[in-house]
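1. My questions concern the predicted model and sequence given below.
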Amino acid sequence: MDKGKAVMGTGRRWAVDFSDQSTVPSSRDILDPPGFSRASPEQDDSATSRQKKDAEANWKLQKAWEVAQSPFKNLMMMGFMMWMAGNTVHLFSIGITFSALWQPISALQSVGKIFEPFKDNKVELLMPKLLFLALNLGGLALGIWKLNTLGLLPTHASDWVSSLPPPQEVEHSGGGFVFH
């Protein structure tokens with residue numbers, strides 16, 4: 001049969017023969033090099049798996065620290081945006097301020113979900129979580145400070161005048177004699 005042409009009615013059949021029928025010495029017959037020792041596969045596998053688990057735990061810890069430090073970048077960006085917005089009350093400054101308040105609040109609500117992929121018996125997540133919380137609380141404080149500088153927080157006595165009782169009258173004036 002010619003190469004590339006099939007016989008009518010039959011398809012091409014492929015077969016690969018993996019049996020070694022050569023007289024050349026195989027790799028099993030060659031001695032190990034000096035310094036090489038063949039350990040049992042169980043020991044190699046356990047040492048390799050232990051190293052893989054340690055490497056994975058180190059990777060998870062490193063990524064957890066990266067996630068914990070990510071609010072710092074957001075904090076710097078938000079601070080710059082608030083500085084650019086100025087101290088007057090207008091739509092842009094109010095939007096930036098409420099965005100600066102909303103992002104840390106939503107991040108604080110989802111701390112468990114954020115650090116869930118890094119949960120492992122060998123990885124201690126307390127310090128990365130504390131750093132994450134501290135940076136988000138700093139972002140929240142920055143947003144509250146901006147609200148105060150815009151005058152949107154009731155921090156002065158004049159902000160509460162409507163809830164104060166009317167002052168007691170000290171003087172009274174009444175009708176009397178008219179002198180010219």
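-> That came in fine, so what should we check first?
2. Around Phe132, count how many other residues there are.
-> Around Phe132 there are 24 other residues, counting by other C-beta atoms under 10 Å. Every C-beta, even on glycine, is put in place using the N, C-alpha and C of the backbone.
3. what pLDDT does it get?
-> Phe132 carries a pLDDT value of 96.
4. That one contacts Pro71, doesn't it?
-> Yes. At 6.4 Å, Phe132 counts as touching Pro71 under the criterion of C-beta atoms under 8 Å.
5. Give the residues shared as contacts by those two.
-> Ala107 (C-beta atoms under 8 Å, 6 or more residues apart in numbering).
6. Pull out the buried residues from whichever strand or helix holds Gln103.
-> If you go by DSSP states H and E, Gln103 is part of helix 91-109. Residues of helix 91-109 classed as buried: 93, 96-97, 100-101, 103-104, 107 (neighbour count, 16 or more other C-beta atoms under 10 Å).
7. Just the closest of those residues to His180, please.
-> Ranked by distance to His180 (C-beta to C-beta), these are led by Ser93 at 60.5 Å.
8. how close does the nearest residue to that closest one once chain neighbours are set aside sit to Pro71?
-> Leaving aside its chain neighbours, Ser93 sits nearest to Ala85 (3.9 Å; criterion: C-beta to C-beta, 6 or more residues apart in numbering). Going from Ala85 to Pro71 by C-beta to C-beta, to the nearest Å gives 20 Å.
9. Compare those two and say which one has the larger neighbour count.
-> Pro71 (23 against 19).
10. quick one: low-confidence parts of the protein?
-> 1-12, 17-28, 39-45 (pLDDT under 70).
11. give me the number of residues near Leu125?
-> 20.
12. Who are the contact partners of it?
-> 64, 115, 118-119.
13. and which of the residues you listed is nearest Leu140?
-> Phe115 (18.9 Å).
14. how close does the nearest residue to the closest one once chain neighbours are set aside sit to Pro71?
-> Leaving aside its chain neighbours, Phe115 sits nearest to Leu125 (5.4 Å; criterion: C-beta to C-beta, 6+ apart). Counting by C-beta to C-beta, the separation of Leu125 from Pro71 is 16 Å.
15. how many degrees apart are the helix or strand encompassing Asn74 and helix 91-109 in direction?
-> Assigned by DSSP H and E, Asn74 belongs to helix 41-85. For helix 41-85 against helix 91-109, the angle by axes from the mean of the first three to the mean of the last three C-alpha atoms, to 10 degrees is 150 degrees.
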